[in-house]
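Visitor: below are the sequence and a predicted model; questions follow.
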There are 2 protein chains.
Amino acid sequence: MSREPSVLKKRVAILGSTGSIGRQALDVISRYPERFTVVGLAAGKNTALLAEQRARFEPSVVSSGEDGAAGLLAVATASKPDIVLAATDGAVAFDAVFAAVDAGIDVAVANKELVVAAGELLFAHARASGARLLPVDSEHSAIFQCLRGEPVERVASIILTASGGPFWNTPAEEMRNASIDRALKHPTWQMGVKNTIDSATLMNKGLEVIEASRFFDLPAEKIHVLVHRTSVAHGFAIFTDGNVIGQLAPPDMRLPIGYALAYPDRLDDHPVTDPLVALGGALDGAATVLGFERPDVERFPCLGLAYRALREGGTSPAALSAANEIAVAAFVDGRIRFGDIPVCIERALSGVERADLSLDAVRAADHEARRAAALAVAECETTAGTKAIS
Amino acid sequence: MSREPSVLKKRVAILGSTGSIGRQALDVISRYPERFTVVGLAAGKNTALLAEQRARFEPSVVSSGEDGAAGLLAVATASKPDIVLAATDGAVAFDAVFAAVDAGIDVAVANKELVVAAGELLFAHARASGARLLPVDSEHSAIFQCLRGEPVERVASIILTASGGPFWNTPAEEMRNASIDRALKHPTWQMGVKNTIDSATLMNKGLEVIEASRFFDLPAEKIHVLVHRTSVAHGFAIFTDGNVIGQLAPPDMRLPIGYALAYPDRLDDHPVTDPLVALGGALDGAATVLGFERPDVERFPCLGLAYRALREGGTSPAALSAANEIAVAAFVDGRIRFGDIPVCIERALSGVERADLSLDAVRAADHEARRAAALAVAECETTAGTKAIS
């Protein structure tokens, strides 16, 4: 008695089910009742929505913030999922994700901090257990798709595209004192405040460069960034034979989420029938244009800081990510100027001693970097205050 | 005693070794003595170059035009190749290629007529024997690369790009009477006269649509053409989940030739290190732009004729291809106007009875279409003559 694997439903557990990625994942899953079954849901404080999700998807294991680490762990492993979607923010679910990976369970990773701060460890654990780590954000999904079926030793380099954010054409001086409102005007993607500010500084892309290094096992010099204002093309792989493979898709997170959940299959409810629309054009248009520019590393120092942290290795990416959180929060609170963000991160990165990687070292570096960044924020405030008085 | 498969050299036989594709293939092969060994070479009249190639590559079987069909057959099969490169023009090597396919030998196909006229048969034979058919021209190599490792049932449609040729922006009336010199000014590729005229009429792209239908088992309505003037991107695959994968490469035939010969590996001597250059930009440039437009089917009726022949099926593509040869030759000889080319093809296509596919039926349709096209050419000449006198 053998069963066809294709008729088995994929068992999905979601860490962070009430967040943006979690909700979009459930939207995708709800359209494919024959393909997926939700076996675990973990959320934080939004217990009302979690209760709704529980009633609708009937998972066997559910956990809210009150259940703490044990609850996340139960959702990630005791629900016996085929795949865990790691969609929490920050470090709260690190242990649960590592436990799933160690149990050989595939993980679709939407948690940037996890890959940036602890990526080397995470991938080492996955190699040991055989678990697959599947990227969820659009750029890494793009590269993952470009490398499908390819001999990985023939990858010469990859390109991640960046929208360039709201300040791509803004003079340096104007950027330095840019308001929060302007920084929040992202040209193509709808995202939360933190991610939108990260897009404005290009730190978002810097963190993605570090993630790409982990996902695709490439050194910093083989990961390029090009600015592509319309966010139609998300990534390219350049092969040693001179061929280039690229991926294009509308800016809709449900596509990379669906790709990761369905992998190695593809979903089938997004029929783009018009070729020009597929390349970003309009249905009634006659033409479409895809433009690519080199990033301006001088006006966007955060990109360089990310490359620096990647090259330094060890706990430096964790320190970078933590310091960035503090600096962005200080900017959003009106305590520092937009141009102070990279200054604070740079001071924190230089002030925290780089250590070899372990989960404890990551946590220590995170802690240290937040403290150093907070000090730098206070210094910037003082300087700004002095200036305002003089 | 086991040998690593990777250290085995791939045995290559080339039909048409002294032509443009054959020479470029030998150029690629000569740079990889550790990967390839040439076991068979077949050429036509250029015996001097064939003798040079024989001395340099030391194949076990060599055949020139004097040896006829038996010579081609010996090169394609008796040389015991792992892969045959079918790079002859016309129908001369059809039997040799079918024999190789029937023997389970992979064939890299650069012979357009073979796929256009006899593609359905050829792929049926390959499915029966397990031989792989690998596309060699740039657009089909692009799609082949885009579909690598993909679930083929999730392909919604594909896009072939076209440079648009020298008349892309030329008014219809001016096109009708365009000179041979103008028709031979191709914007991006260096090719022979026949191929360049086919690019000017877009019949080249029409024939590629038919080829794509055979290579990727897609109906006419799932094969789109977009004009892309700079010939950087060669093809795209649109998947049912909304993702699009595309391929880009410099316009150099050695890339698709090398890809087909090395498949499933990739070669490694074309290191493109600059990301902007990889997307068609200049090394000292700041930006690059890829533009795509819908083709103008009214000014380029040959494209529509090709879709019609594909939809009709049977021997219609063979008739189309044969009639096109006659019409292009008549234009190059100054006997008909540029605008008469599609007129002659249309008359031939309508005048030849469509038959079900067999190699004999293909040959008969080819013969009939040439006769019908020649009649149409004579009629056009008469009309033009009458007009000139009146």
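Guide: Great, that's in hand.

Visitor: rest of the way, CA atoms for contacts and neighbours
Guide: OK.

Visitor: can you get me a residue count around A:A329?
Guide: 17 (other CA atoms under 10 Å in any protein chain shown).

Visitor: with A:N243 instead?
Guide: 25.

Visitor: pretty sure it sits against B:I257.
Guide: No - using CA atoms under 8 Å, A:N243 is not in contact with B:I257; the gap is 11.8 Å.

Visitor: how about the least confident helix or strand in chain A by mean pLDDT: buried residues?
Guide: Scoring the helices and strands of chain A by mean pLDDT, DSSP states H and E places helix A:359-389 at the bottom, with a mean of 86. Neighbour-count burial for helix A:359-389 flags A:361-374, A:376-378, A:380-381, A:384 (criterion: 16 or more other CA atoms under 10 Å in any protein chain shown).

Visitor: just list the residues touching A:L276, thanks.
Guide: A:282-283, A:285-288, B:226, B:292-294 (CA atoms under 8 Å, 6 or more residues apart in numbering or on different chains).

Visitor: inside helices: which ones of those residues?
Guide: With DSSP state H as the criterion, helices contain none of the contacts of A:L276.

Visitor: which of those residues are buried? Put it as a ChimeraX command.
Guide: Restricted to buried positions by 16+ other CA under 10 Å, the ChimeraX selection for the contacts of A:L276 reads:
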select /A:287,288 /B:226,292,293,294
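
Visitor: so which of the contacts of A:L276 belong to strands?
Guide: If you go by DSSP state E, the contacts of A:L276 have A:287-288, B:226, B:292-293 in strands.

Visitor: wait, what's in contact with A:D102?
Guide: A:125-126, A:128-129, A:131.

Visitor: quick check on those residues: which are buried?
Guide: A:125-126, A:129, A:131.

Visitor: in the stretch 1-150 of chain A, which spans are strands?
Guide: Here the stretch 1-150 of chain A has its strands, by DSSP state E, counting those that start in this stretch, at A:10-15, A:36-42, A:61-63, A:83-86, A:106-109, A:133-135.

Visitor: any idea what sits nearest A:I158, other than its immediate chain neighbours?
Guide: Spatially, and ignoring its direct neighbours in sequence, A:I158 is nearest to A:A237 (4.4 Å; CA to CA, 6 or more residues apart in numbering or on different chains).

Visitor: assign a three-state SS to A:A319, would you?
Guide: Secondary structure, DSSP: H, G, I helix; E, B strand; the rest coil: A:A319 is helix.

Visitor: which residues does A:V155 bridge with?
Guide: A:F239 (DSSP bridges).

Visitor: pLDDT score for it?
Guide: Listed pLDDT for A:V155 reads 96.

Visitor: just the closest of the buried ones among the contacts of A:D102 to chain B, please.
Guide: Closest approach to chain B among the buried ones among the contacts of A:D102 (CA to the nearest CA): A:A131, at 19.8 Å.

Visitor: OK, contacts around the residue lying closest to the closest one once chain neighbours are set aside?
Guide: Distances taken as CA to CA, 6+ apart put A:G104 closest to A:A131, at 4.3 Å, once the chain neighbours are dropped. Residues near A:G104 by CA under 8 Å, 6+ apart: A:126, A:129-132.

Visitor: what's the local residue count around A:E173?
Guide: Neighbourhood size, A:E173 [other CA under 10 Å]: 10.

Visitor: list the buried residues in the helix or strand hosting it.
Guide: In the assignment (DSSP states H and E), A:E173 maps to helix A:172-176. By neighbour count on 16+ other CA under 10 Å, the buried set for helix A:172-176 is A:M175.

Visitor: what's the offset of that helix from the middle of its chain?
Guide: Relative to the mean C-alpha coordinate of its chain, helix A:172-176 is positioned 27 Å out (CA atoms, centre = their mean, to the nearest Å).

Visitor: do stretch A:293-301 as well
Guide: 21 Å.

Visitor: that stretch close to chain B?
Guide: Yes - Stretch A:293-301 reaches chain B (CA under 8 Å from any CA of the partner chain) through A:293-294.

Visitor: what comes into contact with that stretch?
Guide: Residues contacting stretch A:293-301 (CA under 8 Å, 6+ apart): A:164, A:172, A:201-202, A:225-228, A:303-304, A:342, B:276, B:286-288.

Visitor: ok, stretch A:35-44 next?
Guide: So stretch A:35-44 is in contact with A:7-19, A:29, A:50, A:54, A:57-66, A:71-72, A:75-76, A:79-81, going by CA under 8 Å, 6+ apart.

Visitor: cool, stretch A:253-272 as well?
Guide: A:21, A:24-25, A:28, A:83, A:108, A:134-138, A:141, A:249, A:278, B:150-151, B:154, B:156, B:238-243.

Visitor: show me which of these are buried.
Guide: A:21, A:24-25, A:28, A:83, A:108, A:134-138, A:141, A:249, A:278, B:150, B:154, B:156, B:238-243.

Visitor: and the most centrally placed residue in chain A, how far is that from chain B?
Guide: Closest residue to the average C-alpha location of chain A: A:K112 at 4.0 Å, with CA atoms, centre = their mean. According to CA to the nearest CA, to the nearest Å, A:K112 and chain B sit 22 Å apart.

Visitor: state the distance from A:A96 to A:V75.
Guide: The gap separating A:A96 from A:V75 is 8 Å, by CA to CA, to the nearest Å.

Visitor: quick one, which of these two is more surrounded?
Guide: Using other CA under 10 Å, the more surrounded residue of A:A96 and A:V75 is A:V75, with 27 against 22.

Visitor: how about the contacts made by that one?
Guide: Counting by CA under 8 Å, 6+ apart, A:V75 has contacts A:13-15, A:39-42, A:61-63.

Visitor: do that again at 7 Å, thanks
Guide: A:13, A:40-42, A:61-63 (CA atoms under 7 Å, 6 or more residues apart in numbering or on different chains).

Visitor: mind putting those residues in CSV, neighbour count, pLDDT and distance to B:A348 included?
Guide: Output for those, formatted as CSV (neighbours: other CA atoms under 10 Å in any protein chain shown; pLDDT from 0 to 100; distance: CA to CA, whole Å):
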residue, neighbour count, pLDDT, distance to B:A348
A:A13, 31, 98, 63
A:G40, 30, 98, 66
A:L41, 32, 98, 66
A:A42, 31, 98, 68
A:V61, 21, 98, 70
A:V62, 24, 98, 71
A:S63, 23, 98, 73
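
Visitor: farthest pair within the ones in strands among the contacts of A:L276?
Guide: A:T288 and B:L226 (10.3 Å; CA to CA).

Visitor: would you mind listing the residues touching both of the two?
Guide: B:292-293.

Visitor: for chain B, what are the nearby residues on chain A?
Guide: A:148-149, A:151, A:154, A:156, A:159, A:224, A:240-249, A:255, A:265-272, A:275, A:278, A:286-294 (CA under 7 Å from any CA of the partner chain).

Visitor: could you pull up the mean pLDDT of stretch A:45-57?
Guide: 97.

Visitor: before we move on, the earlier item: where helices are concerned, which of the residues of chain A next to chain B count?
Guide: Checking those against DSSP H, those in helices are A:255, A:275, A:278.

Visitor: which residues touch the second one?
Guide: In this case it means A:P275. B:159, B:224.

Visitor: and it, how close does it get to A:L310?
Guide: 38 Å.

Visitor: quick one, which of the contacts of stretch A:35-44 are buried?
Guide: Looks like these have A:10-19, A:29, A:50, A:54, A:57-59, A:61-65, A:71-72, A:75-76, A:79-81 buried, using 16+ other CA under 10 Å.

Visitor: what does the model give A:P5 for pLDDT?
Guide: Reading off the model, A:P5 has pLDDT 48.

Visitor: what number of residues lie near the residue of the stretch 1-150 of chain A found nearest chain B?
Guide: In the stretch 1-150 of chain A, the residue that lies nearest chain B is A:G149 (4.3 Å; CA to the nearest CA). By other CA under 10 Å, 14 other residues sit near A:G149.

Visitor: quick check, it in contact with B:R148.
Guide: Yes - with contact defined as CA atoms under 7 Å, A:G149 reaches B:R148; the gap is 5.7 Å.
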